[in-house]
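Colleague: any chance you can model this:
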Amino acid sequence: MTLLIGAVTLLAVLASTLAGGAVPLRFERHARTFLSFSAGTLVGLALLELIPTAISGMGGDPQPKLLVVLGAFLVTMLLDKLHILHPHSHRMDAECPPVEHAHPPLAMHGAVGLLVHSAVDGLALAAALRESPHTAVAVGLALAAHKFADGLTTVSLVLSHHHRRAQAVRLLAGNASLLLIGFAVGMALVLQKMQLGTLLLVMAGFFLYLGASDLIPSVTVPVCRKRDVFATACSMAVIALVATLVH
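Modeller: Residues are numbered from 1 along each chain as shown. Sure thing, here's the model as predicted:
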């Protein structure tokens, strides 16, 4: 019975991921608005899910743990500004430019980061199932809520930077696959809370930099659309609502 509940819960989370990714694939011309939504999602996940979950699970003084977040943010910034992740020259614009600014995106690395996040979600679901079927269902419902946003964000990051739909589909499939792999690894191996918590904190720092320094400016500066800003605010509100209901 426990394995059956785990399988059904896993399939529900998987379906939510794929459904989220299908939205920007279906409405590709609105990819920029979905990217705006994704920006708020990444910042919200980092602040309201990843960091609190890691600190709660690891226990002890939170300050050293927040230093891990800061370190991950700093390392990502250095890789970006040294043109390792995001190789193009930056300049300050006095006003909104007339055309959209295209560049090899750090956002693509964000899509890959979401794949890692998906594997961690699988680990979390497996850990919950080890504890009890009821815990697994509760965790599964929470994951289903935010995995929809994960799927949407993964595809939006790819499409909004003018990559092919096939690449977006591959990354969405990778997101779903790594959820399954993470679950399988979590059932086979037991990760220590310190190890899992550290991974969550590193991802939080990466997501904070990606969302706040790369995605949010990219959707507000080039075309100055109020709809983009509203979409970012809405995504933060959605993540806050889900986090409040779950916790």
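Colleague: for this structure, what's the longest helix?
Modeller: helix 133-159 (DSSP state H).
Colleague: that one packs against which elements?
Modeller: helix 2-26, helix 31-45, helix 107-131, helix 165-188, helix 226-246 (3 or more CB pairs under 8 Å, 6 or more residues apart in numbering; DSSP states H and E). For every residue, glycine as well, the C-beta is placed using N, CA and C.
Colleague: what residues does stretch 169-183 touch?
Modeller: The contact list for stretch 169-183, computed with CB atoms under 8 Å, 6 or more residues apart in numbering, reads 10, 13-14, 17-18, 21, 25, 111-112, 114-116, 118-123, 125-126, 147, 150-151, 154-155, 158.
Colleague: from these, list just the buried residues.
Modeller: Using 16 or more other CB atoms under 10 Å as the burial test, the contacts of stretch 169-183 include 10, 13-14, 17, 21, 25, 111, 114-116, 118-123, 125-126, 147, 150-151, 154-155, 158 as buried.
Colleague: returning to what we had before: now the longest helix of the chain: average pLDDT?
Modeller: For helix 133-159, the mean pLDDT works out to 78.
Colleague: ok so, going back, make TSV out of the helices and strands packed on helix 133-159 and add distance to Y209.
Modeller: Putting those into TSV (distance: least, CB to CB, whole Å) gives the following:
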stretch	distance to Y209
helix 2-26	22
helix 31-45	9
helix 107-131	9
helix 165-188	20
helix 226-246	16
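Colleague: what's the most buried one of those?
Modeller: Stretch with highest mean neighbour count among the helices and strands packed on helix 133-159: helix 31-45 (a mean of 26; mean count of other CB atoms under 10 Å).
Colleague: quick one: low-confidence ranges for this protein?
Modeller: 1, 31, 80-111, 160-163, 214-225, 246-247 (pLDDT under 70).
Colleague: quick check: the residue nearest to L152 when sequence neighbours are not counted vs V155, distance?
Modeller: Nearest non-adjacent residue to L152, counting by CB to CB, 6 or more residues apart in numbering: G20, 4.0 Å away. Here G20 is placed at a distance of 8 Å from V155 (CB to CB, to the nearest Å).
Colleague: kindly report the same for H146.
Modeller: 15 Å.
Colleague: the residue nearest to L152 reaches F148, doesn't it?
Modeller: Yes: the pair G20 / F148 is scored as a contact, 3.8 Å apart, by CB atoms under 8 Å.
Colleague: tally of neighbours for P64?
Modeller: Applying other CB atoms under 10 Å, we find 10 other residues in the vicinity of P64.
Colleague: so which strand or helix has it?
Modeller: helix 62-81 (DSSP states H and E).
Colleague: buried set for that helix?
Modeller: By neighbour count on 16+ other CB under 10 Å, the buried set for helix 62-81 is 65-66, 68-69, 72-73, 76, 79-80.
Colleague: repeat that for stretch 131-149.
Modeller: For stretch 131-149, burial by neighbour count (16+ other CB under 10 Å) applies to 133, 136-137, 139-149.
Colleague: what's the closest of the residues you listed to L3?
Modeller: P133 (9.4 Å; CB to CB).
Colleague: that closest one is in contact with G6, isn't it?
Modeller: Yes: contact criterion CB under 8 Å: P133 and G6 qualify, at 7.4 Å.
Colleague: distance from the chain centre to stretch 182-199, please.
Modeller: 18 Å (CA atoms, centre = their mean, to the nearest Å).
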